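Novice: A predicted structure for the sequence below; I have some questions about it.
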Amino acid sequence: MPIGAHMSIAGGLDKALLRGHELGCETIQIFTRSPRQWRPRVLEPEEADRFKRNQVETGIDPVVAHDCYLINLASSNEELWRNSLLVLREEIGHCGALDIPYLVMHPGAHLGSGEEAGLRRIAQGLDEVGELARDSGVEVWLENTAGQGTSLGFLFEQLAEVLRLADDDSWLGACFDTCHAFAAGYDLRTPDGYENTWRQLDRCLGLERVKVIHINDAKGDLGSRVDRHEHIGQGSLGLEPFRMLLNDPRFLEVPMLLETPKGPEGLEDRENLDTLDALSSQHHAANL
């Protein structure tokens, strides 16, 4: 399975690939614009060309994009919803120009309008950008959330309802985040809990919908609804869920991406990647 981490785009999108390659990443995740600003980002053809050249030279595949944190398709506020659509269209366009086939998206928060209304609003928003995404060759993967505040998508049933409500779900998939699932109440720490989580997801969505896995430990407790990531093995999840995940034959081709905390030197990514490599190696050694 390709394993990597979210990489900074400081200095240009193309630099993210070089940073990932230096760390030994087989796959990376990036933002294609500022994740905390509405202001558009103009993607110059020269930057896109450098990005594509660097991807060929580094061999990193796939590259996954993550959407802007400000996007909220669940909102009943018309101005916020329309601004969210504008940015989402921009991001789909960036992905198309960069030959990035996958965009991870947070479903959104209903902000008081209620779960049912929020899920309908998400599906409506996805329908608005569906034609652009299909024409651009971009799949959008809805990420399960921790359920903090009024965020939707913390239950697998909620993600399934969005897919049911969408006019066409052929271009939609799921991103599974280990920290978010645990914070939402899915206990991955034991073999029984691990298998039960995947059974529930399979019943609601189908395992084939899981296109990428965010591999993060959690600062909060089980069911805390706290969206705080921790280094692998240093949080409430511990090492065992990641050992099971890395050696699960069902996910051999699914990209796994770290979103763990980073210091100024970025050494934490290397340490977390080494930890994941050791967990996988221990399993293989035990079966020789």
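Specialist: Thanks, I have the structure now.

Novice: what residue ranges in the chain score low on pLDDT?
Specialist: The chain contains residues with pLDDT under 70 at 265, 281-288.

Novice: Report the contact partners of T145.
Specialist: Contact partners of T145, counting by Cβ atoms under 8 Å, 6 or more residues apart in numbering, are H106, P107, S151, L152, G153, F154, D177, H180, A184, D227. Any C-beta I mention is one placed from the backbone N, CA and C, and that applies to glycine too.

Novice: And L73, by the same measure?
Specialist: So L73 contacts W81, S84, L85, L88, P107, G108, R121, I122, Q124, G125, L126 (Cβ under 8 Å, 6+ apart).

Novice: With adjacent residues omitted, what lies nearest to the second one?
Specialist: Read that as S84. I71 (4.4 Å; Cβ to Cβ, 6 or more residues apart in numbering).

Novice: Would you mind measuring from that neighbour to W38?
Specialist: Here the criterion is Cβ to Cβ, to the nearest Å. By it, I71 lies 10 Å from W38.

Novice: Looks to me like R82 is in a helix.
Specialist: Yes. Assessed by DSSP: H, G, I helix; E, B strand; the rest coil, R82 belongs to a helix.

Novice: Look up how far S236 lies from it.
Specialist: Taking Cβ to Cβ, one finds R82 at 39 Å from S236.

Novice: Looking at these two, which one has more neighbours?
Specialist: Set R82 next to S236 and count neighbours by other Cβ atoms under 10 Å: S236 wins out with 18 against 12.

Novice: Which parts of the protein are strands?
Specialist: Along the chain, counting by DSSP state E, strands occupy 3-6, 27-31, 63-66, 102-105, 139-143, 172-177, 210-214, 217-218, 229-230, 256-258.

Novice: Quick check: which of these is nearest to G12?
Specialist: Closest to G12 of the strands of the chain is strand 27-31 (Cβ to Cβ; 10.9 Å).

Novice: list the contacts for the residue nearest to S84?
Specialist: The contact partners of I71, by Cβ under 8 Å, 6+ apart, come to S84, V87, L88, M105, H106, G108.

Novice: what does K15 give?
Specialist: K15 makes contacts with S8, I9, as judged by Cβ under 8 Å, 6+ apart.

Novice: For it, give its distance to E57.
Specialist: Distance from K15 to E57, by Cβ to Cβ: 13 Å.

Novice: Same check on E157?
Specialist: 43 Å.

Novice: Check R82 too.
Specialist: 40 Å.

Novice: which residues touch L132?
Specialist: R89, I92, G93.

Novice: Could you rerun that using 10 Å?
Specialist: Residues in contact with L132, defined by Cβ atoms under 10 Å, 6 or more residues apart in numbering, are L88, R89, I92, G93, G96, V138.

Novice: now, which of these sits nearest I232?
Specialist: The nearest member of the contacts of L132 to I232, counting by Cβ to Cβ, is V138 at 29.5 Å.

Novice: Give me the neighbour count for the closest one.
Specialist: 23.

Novice: Could you find the closest non-adjacent residue to it?
Specialist: Nearest residue to V138, sequence neighbours excluded (Cβ to Cβ, 6+ apart): C95, at 4.6 Å.
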